[in-house]
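Trainee: Here's a sequence, model it:
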Amino acid sequence: MDQIQQVVVVGGGVMGAGIAELLASKRFETTILEKDPQAAEQAKRSVVHSLDRKLAKWGITEAEKKIILSNLHFSTDPSVLKDADFVIESVDEDIQIKKEIYHLCDQKCRPEVVFASNTSTLSLTEIAAMTQHPDKVIGLHFVYPVPTIPVVEVVRGLKTSDQTVNIVRKLLPEWGLSAVEVFESPGFVTTRMIVLMINEATNILMEGVATVEEIDRAMKLGYQFHAGPFEMADRFGLDSVLAALEQLFREFGEAKFRPAPLLKKMVRAKQLGVKTGEGFFRYDQEGIRMSEGEGSVS
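Mentor: Numbering: from 1, shown residues only. Alright, predicted model coming up:
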């Protein structure tokens, strides 16, 4: 694996699309592999929208946008894995779904290909045990929004080889990323801290201390966050935030990880954030947040 050129990102949700955009911007041939044409089209719209926002803010040029999109491909055909030099799995935090993905990778990928999981709460060692090549599995936990946050948590599983770690160490600077090496632990550093903040913000909202907009504004202006806790939750997906909290609560058994009742209520109502058009805020079909007063839960 001296030269990695073709990367396949399995899963084109918020994180997967962001990862793919980042790699394509670094001139890597990148393919998002999705389960059906609708999901693939949604992933494409997500990337194009992200690039258009950067273009509008003079963050990139029209030529750079074209180059990125020329390096980016979308597919529902698992055979694209045959040409992959590196695979990044970024599907839902569902152990059964991941098991199916790694079984597919075993069937389609060359034996030397590294599998990187973007899991945030599941055991990397357990994930690695699903494949015939556990030494080739490593954790790469990206931080939202991926194209603009230059850090990734690198997690070594019980059987991750030195060769696999060295391949990743060589790649990350080429992707413009700094590595934070963490021990295998549910939530690692970033997820464990951010879901606690979102959960506490939801409790504050339930207590009537402040509105959704005011809580987000306080954190953005007070601590220079690029987005407030509720906007972040909507981007992550409230179902993903809830799943992370529940997994942390199961693992640690500490009351601080107990999900806020309002969060659970919203997930039951399918108010999941950007993906459904409504969460703590409302969004149009392109994922653009509507103006204040147009349907936040405040």
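Trainee: Low-confidence stretches in the stretch 1-150 of the chain?
Mentor: 1-2 (pLDDT under 70).
Trainee: So what touches stretch 223-231?
Mentor: Applying C-beta atoms under 8 Å, 6 or more residues apart in numbering, the contact partners of stretch 223-231 are 145, 148, 194, 197-198, 201, 205, 212, 215-220, 235, 279-281, 289, 296. Placement of C-beta: from N, CA and C, glycine included.
Trainee: show me where the stretch 151-298 of the chain has strands.
Mentor: Remark: strands assigned in the stretch 151-298 of the chain by DSSP state E, counting those that start in this stretch are 151-156, 178-182.
Trainee: okay if I get those strands as JSON lines plus distance to Gly11?
Mentor: Below are the strands of the stretch 151-298 of the chain laid out as JSON lines (distance: least, C-beta to C-beta, whole Å):
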{"stretch": "strand 151-156", "distance to Gly11": "16"}
{"stretch": "strand 178-182", "distance to Gly11": "22"}
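Trainee: tell me which residues in stretch 262-280 are buried?
Mentor: For stretch 262-280, a neighbour-count test (16 or more other C-beta atoms under 10 Å) marks 262-263, 266-267, 271-280 as buried.
Trainee: neighbours around His133, how many?
Mentor: 19 (other C-beta atoms under 10 Å).
Trainee: Would you mind giving the secondary structure of the nearest residue to it once chain neighbours are set aside?
Mentor: Distances taken as C-beta to C-beta, 6 or more residues apart in numbering put Pro111 closest to His133, at 6.3 Å, once the chain neighbours are dropped. With DSSP: H, G, I helix; E, B strand; the rest coil as the basis, Pro111 sits in coil.
Trainee: sorry, back to before: out of the strands of the stretch 151-298 of the chain, indicate the one that is most buried.
Mentor: Highest mean neighbour count of those: strand 151-156, a mean of 20 (counted as mean count of other C-beta atoms under 10 Å).
Trainee: got the angle for that one vs strand 178-182?
Mentor: For strand 151-156 against strand 178-182, the angle by axes from the mean of the first three to the mean of the last three C-alpha atoms, to 10 degrees is 40 degrees.
Trainee: Return the distance of the residue lying closest to Asp77 once chain neighbours are set aside relative to Val146.
Mentor: Spatial nearest neighbour of Asp77, chain neighbours left out: Leu33 (7.9 Å); criterion: C-beta to C-beta, 6+ apart. According to C-beta to C-beta, to the nearest Å, Leu33 stands 17 Å off from Val146.
Trainee: what do you get for Glu207?
Mentor: Using C-beta to C-beta, Glu207 is found at 33 Å from Val146.
Trainee: Quick one: the strands in the stretch 1-150 of the chain, in order.
Mentor: With DSSP E, counting those that start in this stretch as the criterion, the stretch 1-150 of the chain has strands spanning 6-10, 29-33, 72-75, 86-89, 114-117, 137-142.
Trainee: export the ones you listed to a markdown table and tack on mean neighbour count and distance to Val189?
Mentor: Converted to a markdown table, the strands of the stretch 1-150 of the chain look like this (neighbours: other C-beta atoms under 10 Å; distance: least, C-beta to C-beta, whole Å):
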| stretch | mean neighbour count | distance to Val189 |
| --- | --- | --- |
| strand 6-10 | 25 | 23 |
| strand 29-33 | 26 | 26 |
| strand 72-75 | 20 | 29 |
| strand 86-89 | 24 | 19 |
| strand 114-117 | 26 | 16 |
| strand 137-142 | 25 | 9 |
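Trainee: what about Phe257, neighbour count?
Mentor: 21.
Trainee: Mind pulling the model confidence for it?
Mentor: You'll see Phe257 listed with a pLDDT of 98.
Trainee: Then Lys275?
Mentor: Value listed for Lys275 in the pLDDT field: 88.
Trainee: Tell me how many other residues crowd the closest residue to it other than its chain neighbours.
Mentor: The shortest distance from Lys275 to any non-neighbouring residue, by C-beta to C-beta, 6+ apart, is to Gly237 (5.6 Å). Close neighbours of Gly237, defined as other C-beta under 10 Å, add up to 21.
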